[in-house]
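S.K.: build me a model:
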Amino acid sequence: MAVPDQASVGNAARPSTDTTMSHVEPPQLADEEMNVADKEDTASPSESDSETESQRLMDVAWGRRGKLYMWIGIALIWTIFELDHATIYNYQNYAASDFGEVALLGALTTAGTIISAVLKPPIARISEVAGRAETYIAVVLFYIVSYILCASAQSFAQYAGGYVAYCIGQTGMQILNQVIVADITSSRWRGLANGLVNLPFMIIPWVSAFIVDSALLNIGWRWGIGMFAIIMPVASLAVIAPLLWYQRRFQRAGGTIHQSISFRDFLTQIDLGGMILLCGGCALLLLPIALAGNNSHGWKAPWIPALITIGVVSLAILVYYEARIAAKPVIPPRFVKNVSLVLAFLIGLLDAFAYSITHTYMYAWATVVHDFSARNATFLTYTAGCVQVLTGLATGYVMFRTKRYKFLLLLGIVIRLIGYGFMMRLRGANNSIAEIFLMQVIQGAGSGAVGTVVIVVAQVVVPREELAQSTALELLFIYMGNSLGSAIAGTIYTSLFKGRLRFWLGSDAPQSAIDDVYDKITEVLPDPRSPERTAVNHAYSDILRFMTIGALVASALPMVMIWFLPNYKLSDNHNLANDLSDSTQPATGEDDAEETTLKKWQRHIRW
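M.R.: Predicted coordinates:
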């Protein structure tokens, strides 16, 4: 599913980083009752007044029923968004099979997730400059173009081109929807609101399974994709219309939606240089990993290490560029100093990596090894997502009641780690259907808690003006985790699958038979009850276990990280940025300095 993948609609001027608000902790108050534990973001009284005025203008602009109309629109478009995501994901498997390029699915998914990741910050920034409604219209146009290109593709390359446009539209709609939801909710309600807007996912996967099954039997995957060229733009009007109405009222109330700037200033605002380095560095690093096993020389091909090296160098240059050169860095250096943000980014990345590496080839595995139909394979694919929605909703409710989040994140991390341990045993050729679905339930439960908490943490520790940027960066790291997971999964498949097929089929098996199984998931497979099919099933299961090992390692790291995550108390304010501060009393001696440092780390690991 889309991560409860969950905008300030108004001014987005970046506050000064040179001003601070002093706050001394009263010693008589218990630590558990404090909203703040450590200085991560600071704000001056003038910035607080500015946010209060901005909130007043937004309340006037929304009026009595404006938010209600927006909630209805968000519910509708999120339903269509999930339906699109669920069906296109499955059609893609059959499109690749028709073109005889199943082995390139990992590379295509990697390219798509890279595009989705790196475009979130600029799209978020463009929406601040051009307006939410105008940006929403643009991403819907990308959707329409992508559907037409994919549905009419005559080769896998043409389909891939349409998929690139699709990723642009999808990532734009995702970030805009989540920014809007975050902007109209308080920090205490944020997790619950994110869970509520994802409720359509409880129904969509099961409905989409029948749609995919029927479409493949009657009209084919092409028309299954093409029909969204009509559905998506019509549904998007339910969000675009309230946005245009709100923006007009906001301007009449004295607010600013559109900023008149030159084209050069526009490029500066979106940090074009940083975007090029980020996009190029990630692409050069991840794509060679996915493509390494798909050529005759494998990892020995000279262009593989060359591209990876250039990618690493580009990312290293990005660090210097963002810190020293960029006027409006896509990754602000002060974000790097924010412990909560950094840990939310890293935990989100690792969680997404573990999920992606175990799910990139799960649909193909279920279709081949357990002879699932398109409908049943879809049920399996989205079982974890449905459980994730329920768990995310429950997590949001507990956050609302307790005003805390750290213990919920720990619970989710533990469940994920245990789940991947069981997956080593329960995702094989001889496991029962019940065991396979049970694994998806466990993974969904852990993912729901983790995904809900990291999004909320990234949004509540920054002021409203930086909400879109922090949300985009959180989703960037999540999508980078997805991209890296797909890349590693693609590498494992392309590098090892033929070898495992040869091992299980025996040295006498013709190379043509191995190549056919390698590239397709339909038509060319041996009879389900034949020894050859059993060998294919074991080879597929071996590959899935190798991928699960990577997920198990990645899911263990957050167990250490979470101990350093501050446990702030959520409130009914939009965010906690104006409250975040350390005691500014200077240390009077070495003992006081040591005591201050000790208290600081005690607060960091407080539960």
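S.K.: any weak-confidence spans in the stretch 51-200 of the chain?
M.R.: The model of the stretch 51-200 of the chain has pLDDT under 70 over residues 51-55, 59, 106.
S.K.: show me where it has its strands.
M.R.: Using DSSP state E, counting those that start in this stretch, the stretch 51-200 of the chain contains no strands.
S.K.: helices along that one, start to end?
M.R.: Applying DSSP state H, counting those that start in this stretch to the stretch 51-200 of the chain gives helices spanning 66-98, 105-118, 120-130, 132-151, 156-183, 190-197.
S.K.: what does the stretch 401-550 of the chain give?
M.R.: Under DSSP H, counting those that start in this stretch, the stretch 401-550 of the chain gives helices at 406-426, 433-460, 467-505, 511-519, 531-556.
S.K.: before we move on, what about the stretch 251-400 of the chain?
M.R.: So, for the stretch 251-400 of the chain - with DSSP H, counting those that start in this stretch - the helices run 263-269, 272-291, 303-324, 333-336, 339-359, 362-369, 374-402.
S.K.: the fifth one: how far from the chain's middle?
M.R.: Meaning helix 339-359. With C-alpha atoms, centre = their mean, to the nearest Å as the basis, helix 339-359 stands 9 Å off its chain's centre.
S.K.: now the second one
M.R.: In this view, helix 272-291 has its centroid 17 Å away from the chain centroid, taken as C-alpha atoms, centre = their mean.
S.K.: tell me the mean pLDDT for it?
M.R.: The pLDDT scores in helix 272-291 average 79.
S.K.: quick one on the thing from earlier: which of the helices of the stretch 251-400 of the chain sits closest to Arg533?
M.R.: helix 362-369 (8.6 Å; C-beta to C-beta). C-betas here are computed from N, CA, C, even on glycine.
S.K.: contact partners of that closest one?
M.R.: Helix 362-369 is contacted from outside by 89-90, 93, 102, 105, 372, 374, 376-377, 380-381, 429, 436, 517, 521-522, 525, 536-537, 540-541, 543-544, using C-beta atoms under 8 Å, 6 or more residues apart in numbering.
S.K.: residue contacts, Val441?
M.R.: Here Val441 is in contact with 383-384, 387 (C-beta under 8 Å, 6+ apart).
S.K.: with those in mind, which one is nearest to Ile304?
M.R.: Ile304 has its nearest neighbour among the contacts of Val441 in Ala384, at 32.7 Å by C-beta to C-beta.
S.K.: now for that closest one, how many residues are close by?
M.R.: In terms of burial, Ala384 registers 27 neighbours under the definition other C-beta atoms under 10 Å.
S.K.: now do the one 5 residues further on
M.R.: Close neighbours of Val389, defined as other C-beta under 10 Å, add up to 28.
S.K.: wait, it sits on Met202?
M.R.: Yes - if you go by C-beta atoms under 8 Å, Val389 and Met202 touch, sitting 5.6 Å apart.
S.K.: that older thread, show me which of the contacts of helix 362-369 are buried.
M.R.: 89-90, 93, 102, 105, 372, 374, 376-377, 380-381, 429, 436, 517, 521, 525, 536-537, 540-541, 543-544 (16 or more other C-beta atoms under 10 Å).
S.K.: where does this structure dip in pLDDT?
M.R.: Residue ranges of the chain with pLDDT under 70: 1-55, 59, 106, 255-259, 289-299, 516, 519-528, 574-575, 578-607.
S.K.: domain parsing of it, as residue ranges.
M.R.: Here the domain assignment for the chain is 61-258, 272-326, 334-484+551-579+595-606, based on the TED database.
S.K.: need the helices of the stretch 401-550 of the chain in a markdown table (columns: distance to Gly66).
M.R.: What follows is the helices of the stretch 401-550 of the chain, written out as a markdown table (distance: least, C-beta to C-beta, whole Å):
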| stretch | distance to Gly66 |
| --- | --- |
| helix 406-426 | 32 |
| helix 433-460 | 21 |
| helix 467-505 | 19 |
| helix 511-519 | 53 |
| helix 531-556 | 42 |
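S.K.: right, and these - which one's nearest Cys282?
M.R.: With C-beta to C-beta, the closest approach to Cys282 among the helices of the stretch 401-550 of the chain belongs to helix 467-505: 6.7 Å.
S.K.: give the other helices and strands that that closest one contacts.
M.R.: Packing partners of helix 467-505 (3 or more C-beta pairs under 8 Å, 6 or more residues apart in numbering; DSSP states H and E): helix 105-118, helix 120-130, helix 156-183, helix 272-291, helix 339-359, helix 433-460, helix 511-519, helix 531-556.
S.K.: what about stretch 549-568, how long is it end to end?
M.R.: End-to-end distance for stretch 549-568: 34 Å, by C-alpha to C-alpha, to the nearest Å.
S.K.: any idea how far it is from the chain center?
M.R.: That offset, for stretch 549-568, works out to 17 Å (C-alpha atoms, centre = their mean).
S.K.: let me see the contact set for Val207.
M.R.: Neighbour list for Val207: Leu83 [criterion: C-beta under 8 Å, 6+ apart].
S.K.: how near is the closest residue to Val457 other than its chain neighbours to Ile184?
M.R.: Computed as C-beta to C-beta, 6 or more residues apart in numbering, the closest residue to Val457 that is not its neighbour in sequence is Ala344, at 4.3 Å. The spacing between Ala344 and Ile184, counted by C-beta to C-beta, to the nearest Å, is 21 Å.
S.K.: of the two, which one has the most company?
M.R.: Ranked by neighbour count (other C-beta under 10 Å), Ala344 and Ile184 place Ala344 first, with 27 against 20.
S.K.: wait, that one sits on Gln459?
M.R.: No - counting by C-beta under 8 Å, Ala344 does not reach Gln459; the two are 9.2 Å apart.
S.K.: quick check: neighbours shared by the two?
M.R.: Jointly contacting Ala344 and Gln459 under the rule C-beta under 8 Å, 6+ apart are Glu474.
S.K.: how about the helices of the stretch 401-550 of the chain, which one is nearest Ile114?
M.R.: Judged by C-beta to C-beta, the one of the helices of the stretch 401-550 of the chain that comes nearest to Ile114 is helix 467-505, at 5.0 Å.
S.K.: next one: the closest one to chain centre, how far?
M.R.: Using C-alpha atoms, centre = their mean, the offset of helix 467-505 from its chain centre is 13 Å.
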